[in-house]
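> mind looking at a prediction? Sequence and model below.
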Amino acid sequence: MIEWTRTRLMLVLLLVSTATVGLQPQAPSAHPRNFVRINDRVIALTNVRVIDGTGAPARERQTIVVSGGRIAAMGDTGSTTPPADARIFDLTGRSIMPGLVMLHEHLYYPTSANLDAPMDESFVRLYLAAGVTTIRTAGTFNGVMDVRYAKAIEAGAVAGPAIDVTAPYLNGPVSSPSMQMSQLADAADARRQVAYWAEMGATSFKAYTSITRAELAAAIDEVHRRGLKITGHLCSVTYAEAIDLGIDNLEHGFAVATDFVSNKRPDACPARNAGERAIAALDPGGAPFQALVKKLVDRGVTLTSTLPVLESYTPGRPMPRALDVLLPDLRERVEAIHAQVSQDRTSLDASLFPKEMALERAFARAGGMLVAGTDPTGYGGVIPGAGNIREIELLVEAGFTPVEAIRIATLNGAQYLGRDGQIGSLAAGKQADMVVVTGDPSTNIAAAGNVETVFKKGVGYSPVRLVDSVRGRVGLW
């Protein structure tokens, strides 16, 4: 969740009259078999175009053999013979990509200005329906629920992506009106929180906007002592300070960096929008930015691109997709706020959004590791699944080639998680997490949204069934 978007959201809500969504009991989980369309012991996908996730050019007329949840063989259709017991699917005209690995996702949704409600049940289906087979939840208000869903999915009791669970936010004094976020008392408390949530099952951690340098240093040390990783959506601590402390990852690209604010005080966020104004005015070729990029690259710090949530606040951008999955009053609220955003001709985001694209491109071209996410928070204009496809499209708009964008959203994420030996690209021996789409995303990235079948560990799921099971109900559970 982006703190500066919450402030803007509250201002917009003063202009938009919407109904308050009453919280309902969580719906019981639907059995995963209700969403399965292919579950044979051995299958062969023939005549398919392969985009393997490495950034290499697409390969035409390929055959992929899947057995035991893994890719048993992959090669030219003319020279790759399926086993005699394989069920064969002719995928002429289709492409296959690795399952998406997206690293700034959430399992909650802003049902009002002051409440983010858990949406684990509906969100995991929406992610999977779009071909997202692995996510990292970049912060939560309900760590116990997220851990339980991660375990249920791993056990096969719930249909959804594998989840790298990030613990509740590690934050300093909370300025938001939300009562859902706690605050650290001191550096010792940061260590205690990390220890507690690691024991509870969290596998990642996230520092938030008001954390102090001492608290962040303690958190990083405790996280690394346990062999885990920590990211940050920072404000009170600059990127350069966090890099020196040993942080692994930074969220939202450069959009929330406060390094370039001239009167930045230690351990304090600058005045509202000061950081964003400095970023919007930043010269990608200038010495200050280049010095920060070099520091990031030299220390191996990963950046997460979250262009969809930034786009949702930018005037002149398209209406968010897949709003039909929301409860009717939530959909009306998003549409009304989007209309207000579109009319704001003084919006800082009009210059911040394209600048962020340019900065992310410059970082990656300098050798930086860029991974992808969506951040489905803000005022609710980013819907899981549809938002993930939009992130890939926006990376292409930012100047990456389609196969580069696909790599950022697949293999790069797997490498950050340390799972690239199993997921993130298509190769013999790897886990069969794959997405079949109609068309050719290597030449037209919009085709990445034409999802026909999603394979997770070799089981093929129906996107239509997954989405239909939650259509018009997101906001309840």
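The structure has been received and is ready for your questions. Predicted model only: the values in this text are computed from it and were never measured. Numbers count the residues shown, from 1 in each chain.

> host element of Val144?
For Val144, the enclosing helix or strand under DSSP states H and E is helix 143-154.

> check Cys235 too.
With DSSP H and E as the test, Cys235 turns up in no helix or strand.

> tell me how many other residues crowd it.
Neighbour count for Cys235, taken as other CB atoms under 10 Å: 23. For glycine as for every other residue, the C-beta is placed from the backbone atoms N, C-alpha and C.

> give me the contacts around the helix holding Val144.
With CB atoms under 8 Å, 6 or more residues apart in numbering as the contact definition, helix 143-154 has outside contacts at 29, 107, 118, 120-121, 124, 137, 140, 158-168, 197, 200-202.

> so which elements touch the helix or strand just after it?
Going down the chain from helix 143-154, the next helix or strand is strand 162-165, by DSSP H and E. Under the contact criterion of 3 or more CB pairs under 8 Å, 6 or more residues apart in numbering; DSSP states H and E, strand 162-165 touches strand 132-137, helix 143-154.

> okay, those, which one's buried deepest?
strand 132-137 (a mean of 28; mean count of other CB atoms under 10 Å).

> for that one, what is the average pLDDT?
Average pLDDT, strand 132-137: 98.

> okay, now the sheet partners of that strand, with direction.
strand 100-105 (parallel), strand 162-165 (parallel) (DSSP bridges).

> residues touching Ala322, list them.
Leu126, Ile383, Gly385, Ala386, Val467.

> no no, Ser442
Arg49, Ile51, Pro57, Ala58, Ser95, Pro402, Val403, Ile406.

> which strand or helix spans it?
Taking DSSP H and E as the definition, one finds Ser442 inside no helix or strand.

> so how far is Ala405 from it?
Note on Ser442: its distance to Ala405, by CB to CB, to the nearest Å, is 10 Å.

> now Asp116: phi and psi?
phi -110, psi 110 (degrees, to the nearest 10).

> go ahead and confirm it touches Tyr109.
Yes: counting by CB atoms under 8 Å, Asp116 touches Tyr109, with 6.7 Å between them.

> ok so, going back, packed most tightly, which of the strands paired with strand 132-137 would that be?
Of all the strands paired with strand 132-137, as judged by average neighbours under mean count of other CB under 10 Å, the leader is strand 100-105 with a mean of 30.

> I'd like the average pLDDT over that one.
pLDDT averaged over strand 100-105 gives 98.

> so what touches stretch 239-248?
207, 213, 216-217, 220-221, 224, 229-232, 234, 237, 250, 254, 257-259, 292, 295-296, 299, 301-302.

> repeat that with 7 Å
213, 216-217, 220, 224, 229-232, 234, 250, 257, 259, 292, 295-296, 299, 301-302 (CB atoms under 7 Å, 6 or more residues apart in numbering).

> same question for it: list its buried residues.
The neighbour-count check on stretch 239-248 (16 or more other CB atoms under 10 Å) flags Tyr239, Glu241, Ala242, Ile243, Leu245, Ile247, Asp248 as buried.

> using CSV, lay out those residues together with distance to Ile88 and secondary structure.
Below are the buried residues of stretch 239-248 laid out as CSV (distance: CB to CB, whole Å; DSSP: H, G, I helix; E, B strand; the rest coil):
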residue, distance to Ile88, secondary structure
Tyr239, 51, helix
Glu241, 57, helix
Ala242, 52, helix
Ile243, 51, helix
Leu245, 54, helix
Ile247, 48, coil
Asp248, 43, coil
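
> of those residues, closest to Pro284?
Of all the buried residues of stretch 239-248, Tyr239 has the smallest distance to Pro284: 15.2 Å, by CB to CB.

> what pLDDT does the nearest residue to that closest one once chain neighbours are set aside get?
Excluding its sequence neighbours, the residue lying closest to Tyr239 (CB to CB, 6 or more residues apart in numbering) is Ala257, at 4.8 Å. Ala257 is assigned a pLDDT of 98 by the prediction.

> could you do Val16 as well?
What the model reports as pLDDT for Val16 is 39.

> just Arg8 next, same as before
For Arg8, pLDDT reads 48.

> could you list the low-confidence segments of the stretch 51-200 of the chain?
175-179 (pLDDT under 70).

> Asp40 is in contact with Val459, correct?
No: using CB atoms under 7 Å, Val459 is not in contact with Asp40, being 9.4 Å away.

> between the two, tell me which one has more neighbours.
Val459 (20 against 16).

> specify the beta-bridge partners of the more buried one.
When bridges are taken as DSSP bridges, the partners of Val459 come out as Lys456.

> quick one: Phe400 from Gly139, how far?
For Phe400 relative to Gly139 (CB to CB), the value is 26 Å.

> between these two, which is the more surrounded one?
Gly139 (29 against 24).

> so the residue sitting furthest away from the middle of the chain: helix, strand or coil?
Farthest-out residue of the chain from its mean C-alpha position, per CA atoms, centre = their mean: Ala84, at 39.8 Å. Judged by DSSP: H, G, I helix; E, B strand; the rest coil, the three-state class of Ala84 is coil.
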